[in-house]
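K.L.:
Quick one: sequence plus predicted model below, questions after.
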Amino acid sequence: MNPSDCTNIRVTHEHVEQYREFLIATLRRTLPLEDVLDILQELSLKFTTRSYIVESPEKIKSYLARSALNMRTSLLRKNSRRVKTRSLDQHGVRTQENGSGDPIARLILEETRDRLPPRLRRVFGLFCLGLSKDQVAARLGLSIRMIDYMVADIMKEIRDELP
């Protein structure tokens with residue numbers, strides 16, 4: 001693409017307001033509403049005080065989403081420094097604990113789930129619902145030993161995702 005063909009657009013706090021519902025929906029997956037609103041306020045302030053340029057109107061939404069997710073990650077890291085470490089479960093996965101649940105663990109588990117093959121994702125989902133190995137094996141028509149292997153694969157993925 002020729003640089004002279006690009007129309008540069010300045011991202012402003014009005015764009016944050018325009019995409020407010022989209023940004024809230026994106027951030028609410030892993031954060032409480034008060035933290036989401038804080039991030040939106042920071043985004044508005046960021047785009048009020050500084051000039052950020054994107055190449056086209058189509059890129060504004062993705063730029064705002066990336067900025068919001070970066071702020072979310074920073075907030076989660078900041079919160080994780082102030083909390084106690086505890087065991088997530090008997091498999092030795094470690095997570096961070098704070099008053100609003102385990103956002104870091106939830107984020108890691110969601111990212112891990114999204115990377116799993118469909119069969120492992122189904123086993124993972126059934127365990128998340130609280131089913132035992134016997135119940136999962138019966139529901140899927142597999143042996144308990146096969147479920148053990150699949151759980152080991154899932155736990156390896158989770159451990160690989162940990163910082």
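P.N.:
It's in.

K.L.:
list the contacts for the spatially closest residue to T48 that is not a sequence neighbour?
P.N.:
Closest residue to T48 apart from its sequence neighbours, by C-beta to C-beta, 6 or more residues apart in numbering: H13 at 4.7 Å. For every residue, glycine as well, the C-beta is placed using N, CA and C. Contacts were defined as C-beta atoms under 8 Å, 6 or more residues apart in numbering; by that measure H13 touches L43, S44, L45, F47, T48.

K.L.:
Secondary structure element holding the third one?
P.N.:
For L45, the host element (DSSP states H and E) is helix 33-49.

K.L.:
other SSEs contacting that helix?
P.N.:
The contact analysis (3 or more C-beta pairs under 8 Å, 6 or more residues apart in numbering; DSSP states H and E) places helix 33-49 against helix 13-18, helix 20-27, helix 58-81.

K.L.:
Could you tell me the least trusted of those?
P.N.:
Lowest mean pLDDT of those: helix 58-81, a mean of 82.

K.L.:
coming back round to it: what helices or strands is whichever helix or strand comes after the helix holding L45 leaning on?
P.N.:
Using DSSP H and E, the helix or strand that follows helix 33-49 towards the C-terminus is strand 52-54. Secondary-structure packing of strand 52-54 (3+ C-beta pairs under 8 Å, 6+ apart): strand 9-11, helix 58-81.

K.L.:
switch to 6 Å and redo it
P.N.:
For strand 52-54, the packing partners by 3 or more C-beta pairs under 6 Å, 6 or more residues apart in numbering; DSSP states H and E come out as strand 9-11.

K.L.:
Show which residues not belonging to the strand it packs on make contact with it.
P.N.:
Applying C-beta atoms under 6 Å, 6 or more residues apart in numbering, the external contacts of strand 9-11 come out as F47, S51, Y52, I53, V54, I60.

K.L.:
Drop anything exposed from these.
P.N.:
The neighbour-count test (16 or more other C-beta atoms under 10 Å) marks F47, V54, I60 as buried among the contacts of strand 9-11.

K.L.:
now I9: how far from R122?
P.N.:
The gap separating I9 from R122 is 43 Å, by C-beta to C-beta, to the nearest Å.

K.L.:
Next: L40.
P.N.:
Distance, L40 to R122, using C-beta to C-beta: 35 Å.

K.L.:
Sketch out the low-pLDDT regions of the chain for me.
P.N.:
For the chain, the stretches with pLDDT under 70 are 1-6, 79-105, 161-163.
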